[in-house]
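**Student:** Here is the input, now give the coordinates:
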Amino acid sequence: MPSVQSFELTYVALNESGTFSEGDTVTGKVTLVLVKEISAQSLHVKAKGDAEVRWSKKTGDRNRTYRASNRYFKLKEFLIGGQDAKETVIPKGVHVYKFSFKIPEGSMPSSFRGSHGKIIYKLEAALARSWKLDRTVEEELKFVSKAYPDIHSLMTPQVGSVKKEMGLFSSGQVHMDVGIDRRAYAPGETVMIVAQINNSSSSDMSPKFSFIQDVVYRASGNTKHESHVIHKVADSSIKAQTQKEVQCAITIPPGQMQTIQNCDIIAVEYHFKVYLDISFAFDPKVLLPVVILPVHFRPGLQPGVTASPYLAEATGGPSISDFPPPTASLGPYPASPNSGGYPGAQRYSVPQPAYSVNPPPMYAFPTNAYPAQPPYMSGGYNNPVPQPQAQYGSPSTSSSSTPVLHPPPSAPTFHPPPSAPAINPSPSPSFNMSAPAPTYNSLSSSLMMNVDFLSQGDEPPPSYSLLFPPSATGNSNAK
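**Tutor:** Residues are numbered from 1 along each chain as shown. Predicted coordinates:
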């Protein structure tokens, strides 16, 4: 009969998604249920994050394997014993050991699993006994990186253009401008792609839209590429000698993997592909790369407000769009949210980046139809601080129905410093920082005037001789 009835590892989630990020604290417990007394060399818990890739390539008659790995952190905590400690006797019953780890700060990629590689963060507990195989149990952590570039730099619109001269089987040319309202999106958001197509050729063509994931694995100076079409939409055909605006809405799947750009051996990127399907000709296409952010970074659309990332009226010809024309310039944003823009669109407060489009696109895009960003966008996650645990009970032998709580050995007890003795403050003297200005008597030899002539009543004013007495030298000879 085995001595260990069960060996379990659990952890406490910090949010509804159960995700962790750089700097978060992972707390949990290891539950050990024994049907009889055992002797153990150690019981420890590890937290670690690793990335690895591996694929094979056949060259002639030989298969060559490429592999690489990265370790981001490894933390270890002993709950019983130590590296070279003596065996410890554990009585039968239910024993609960609590632990706590702080994930290091720094740039680490999000969790990922692919056909040729993976990025995994996990907890692992192991019970080591003499002459016995180690008993292990592990739990995978869902890690979401918050090491992304400045979110505001990703909120600018994105425009692409393509022009194609037709070949042997048709004549004329085709021009297409494609745009979206920004460069970053979160899972669950809907992206409105707007394409202005000027078919000045003799062929019909069909616009098609795709949302594509690109994965790149790297090892030993070699790369392995994968491409997955997540969503694809085809629109109706555009006849020859026709100009048309096409709008396509594509929703990012709610559980879509985030963009990974901070891993040396695995990269995950996304882009929208818009192309014109033309028979017997090379298809002109426009690629718009985008960044998929975690849901916590979702741009701040207000409830009930939808941005309108539609194209403006064409500057070189008529348009069949039903939307009012916004301002055609790519200059500073208007002071009013509805000035030259669309109803319901919010003004974005970040200034336009200093770059020029060369050559300029045929169609202009609105610049005031982007949602305002909340002030906390430069942060990351709102993971609450874990609440303090209750007081642990003292270790003792118990029956299988009453667990024995073992406090984490590495948790130190902090005693507050003694408070300073109370000092009765003496009455503070009153200080007059600005001394009163001295009173100067500019007419010491004359009579001081203390009568307000403007406020007096019917009393006649004093005589001139009273105010200015004659001098002793006699009368003046002024003419």
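
**Student:** Give me the neighbour count for Glu16.
**Tutor:** Residues lying near Glu16 (other Cβ atoms under 10 Å) number 6. For the C-beta atoms, the positions are set from N, CA and C on the backbone; glycine is no exception.

**Student:** If you could redo that for Ser3, that was the one I meant.
**Tutor:** 14.

**Student:** Apart from its neighbours in sequence, what residue is nearest it?
**Tutor:** Of all residues not flanking Ser3 in the chain, Ile38 sits nearest, at 4.8 Å (Cβ to Cβ, 6 or more residues apart in numbering).

**Student:** if I look at that neighbour, how far off is His95?
**Tutor:** Remark: distance between Ile38 and His95 (Cβ to Cβ, to the nearest Å) = 11 Å.

**Student:** the more surrounded of those two?
**Tutor:** Remark: of Ile38 and His95, His95 carries more neighbours, 22 against 19, as counted by other Cβ under 10 Å.

**Student:** Write down the beta-bridge partners of that one, one by one.
**Tutor:** Judged by DSSP bridges, the bridge partners of His95 are Leu32, Val404.

**Student:** Hmm, His406 and it touching each other?
**Tutor:** Yes: using Cβ atoms under 8 Å, His95 makes contact with His406 at a distance of 6.2 Å.

**Student:** Could I get the full set of strands for the stretch 1-150 of the chain?
**Tutor:** Remark: strands assigned in the stretch 1-150 of the chain by DSSP state E, counting those that start in this stretch are 4-11, 19-20, 25-34, 38-40, 42-59, 62-81, 88-90, 93-102, 112-113, 117-128, 135-143.

**Student:** Tabulate those strands in TSV, adding columns for distance to Gly167 and mean pLDDT.
**Tutor:** TSV is the format used below for the strands of the stretch 1-150 of the chain (distance: least, Cβ to Cβ, whole Å; pLDDT from 0 to 100):
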stretch	distance to Gly167	mean pLDDT
strand 4-11	62	94
strand 19-20	51	94
strand 25-34	61	96
strand 38-40	77	91
strand 42-59	37	94
strand 62-81	41	94
strand 88-90	80	91
strand 93-102	63	95
strand 112-113	42	96
strand 117-128	41	96
strand 135-143	50	95
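
**Student:** Need the winner for burial among these.
**Tutor:** When you average the neighbours per residue for each of these (mean count of other Cβ atoms under 10 Å), strand 19-20 leads with a mean of 22.

**Student:** Sheet-wise, list the partners of it with their directions.
**Tutor:** Its sheet considered, strand 19-20 pairs with strand 135-143 (parallel) by DSSP bridges.

**Student:** Give me the angle between the strand it pairs with and strand 4-11.
**Tutor:** Comparing the axes of strand 135-143 and strand 4-11 via axes from the mean of the first three to the mean of the last three Cα atoms, to 10 degrees yields an angle of 20 degrees.

**Student:** Spatially nearest residue to Arg183, not counting backbone neighbours?
**Tutor:** With Cβ to Cβ, 6+ apart, the residue lying closest to Arg183 is Leu154, at 4.5 Å.

**Student:** which residues of this structure score low on pLDDT?
**Tutor:** For the chain, residues meeting the criterion pLDDT under 70 lie at 1, 149, 298-401, 408-479.

**Student:** Tell me where it has helices.
**Tutor:** Using DSSP state H, the helices assigned to the chain run over residues 464-467.

**Student:** In terms of residue numbering, what are the domains of it?
**Tutor:** With domains defined by automatic domain parsing, the chain comprises 4-148+387-406, 156-297.
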